[in-house]
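# Need a 3D model of the following:
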Amino acid sequence: MTAVYDTVFKLGLSRVDAEVAHHRTFDALRAAGPVLRHAKRPGGTPVQAMGLTFPNALGLAAGFDKTAQAYEELGAFGFGHVEVGTVTALAQPGNPKPRLARLPQDRAVVNRMGFNNDGAAAVAQRLGKRRRRSGGPVLGINIGKSKVVPDDEQAAVEADYETSTRLLTPYADYLVVNVSSPNTPGLRNLQAVEKLAPLLAHVRRVADRAAEECGRDQVPLLVKIAPDLADDDVLEVADLALSQDLSGIIATNTTISRAGLRSSPELVEAAGAGGLSGAPLRERATEVVSLLRGRVGPDLTLIGVGGISTPADARERLAAGADLIQAYTGLIYGGPLWPRRILKGL
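You can find the predicted model right below:
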């Protein structure tokens with residue numbers, strides 16, 4: 001089946017604009033929704049983390065289901081958790097097209113989507129209307145900064161994240177503060193501890209208040225970081241997570257590096273600026289997880305993401321210290337049965 005999908009990808013899917021292919025995938029998911037929501041889900045070894053029970057260790061990373069339209073259907077593929085978003089307080093169209101490109105020789109994708117999404121209010125309304133089925137995937141919600149909010153105005157940044165936190169906490173099994181996408185100007189500046197510390201503290205207070213108002217226990221809070229941080233900066237974020245009693249860290253987002261690619265320079269240049277995901281990220285993403293685990297000890301939850309393409313990659317990330325793993329590009333190149341192959345390999 002893998003060889004068949006590879007052939008179909010090379011002869012067909014790879015010839016379709018990457019973003020068009022993504023939208024067609026969602027059309028198919030919505031059409032198959034009633035079947036997928038009732039389908040028997042693949043097994044796996046449950047994982048206890050952050051006070052939650054994950055059906056298995058494999059999750060779908062943020063970026064695929066940006067506006068919470070198909071998270072339950074995606075769970076039917078085998079994902080034990082699905083992280084929707086990134087969602088911003090304000091609806092925004094994202095960056096100009098084209099903004100998504102494949103590098104098949106590297107099994108990689110370059111994206112500069114720019115947090116295109118419907119906005120927190122619309123996503124909250126969508127989640128509120130949909131009754132979740134028991135046994136479905138754990139739902140993470142990833143929130144980011146609206147593009148129009150200046151990163152150097154701390155009060156404005158906190159107010160922006162506050163809106164998303166207040167609206168979406170009632171529906172999240174866990175919440176992720178994303179400060180690591182390279183596609184929103186100034187966002188990665190928020191990874192600096194002097195900016196990140198007050199932001200996370202504010203989001204924690206707002207999330208606790210929102211959870212209390214709807215009669216829920218505290219919702220786990222995580223931060224997602226970039227692979228391009230220096231090792232010392234990674235360790236500073238680890239220390240911050242411990243000092244603020246975060247539930248976990250997601251490592252890592254996409255990279256701005258283009259080092260070591262096998263694709264021709266012309267193809268890489270044509271793909272343009274943006275975050276690179278996929279197989280070339282594997283080594284650095286694994287290093288960051290290992291660094292974090294060595295710093296935070298055994299209790300803080302680490303979610304490893306970036307460059308997981310094979311069962312061996314998944315096992316390597318877990319061995320490096322991840323409690324859970326996520327993927328996105330692996331699904332694009334591996335096809336709909338890819339999650340089941342990863343779970344079988346685990």
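# ok, for Arg112, nearest residue in space, not its chain neighbours?
Excluding its sequence neighbours, the residue lying closest to Arg112 (C-beta to C-beta, 6 or more residues apart in numbering) is Gly274, at 3.2 Å. Where C-beta positions appear, they are placed from N, C-alpha and C, glycine not excepted.
# To what extent is the one you found buried, counted in neighbours?
Residues near Gly274, counting by other C-beta atoms under 10 Å, number 21.
# so who does it touch?
99, 101, 110-113, 182-183, 254 (C-beta atoms under 8 Å, 6 or more residues apart in numbering).
# rerun at 10 Å
When contacts are counted by C-beta atoms under 10 Å, 6 or more residues apart in numbering, Gly274 touches 95, 99-101, 109-114, 181-183, 254, 256.
# again with Val138
With C-beta under 10 Å, 6+ apart, Val138 has these contacts: 47, 49-50, 52-55, 59, 71, 75, 79-83, 172-174, 324.
# now do Ile325
47, 56-59, 61, 80, 289, 302-306, 308, 313-318, 342, 346.
# can you check Leu324 too?
If you count contacts by C-beta under 10 Å, 6+ apart, then Leu324 has 47, 49-50, 52, 54, 56-59, 80-81, 138, 140, 248, 250, 301-305, 317-318 around it.
# Would you report which members of the residues you listed are assigned to strands?
47, 49, 52, 54, 58-59, 81, 138, 140, 248, 250, 301-305 (DSSP state E).
# Type out the PyMOL command that picks the buried ones from those residues.
Buried members of the ones in strands among the contacts of Leu324 can be picked out in PyMOL with the line below, counting by 16 or more other C-beta atoms under 10 Å:
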select buried, resi 47+49+52+54+58+59+81+138+140+248+250+301+302+303+304+305
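# hang on, the earlier thing: for the residue nearest to Arg112, give me phi and psi.
Dihedral pair for Gly274: phi 130, psi -180, per degrees, to the nearest 10.
# What pLDDT does the model give it?
The per-residue pLDDT reported for Gly274 equals 95.
# how near is it to Pro137?
27 Å (C-beta to C-beta, to the nearest Å).
# With Leu267 instead?
Applying C-beta to C-beta, the value for Leu267 to Pro137 is 35 Å.
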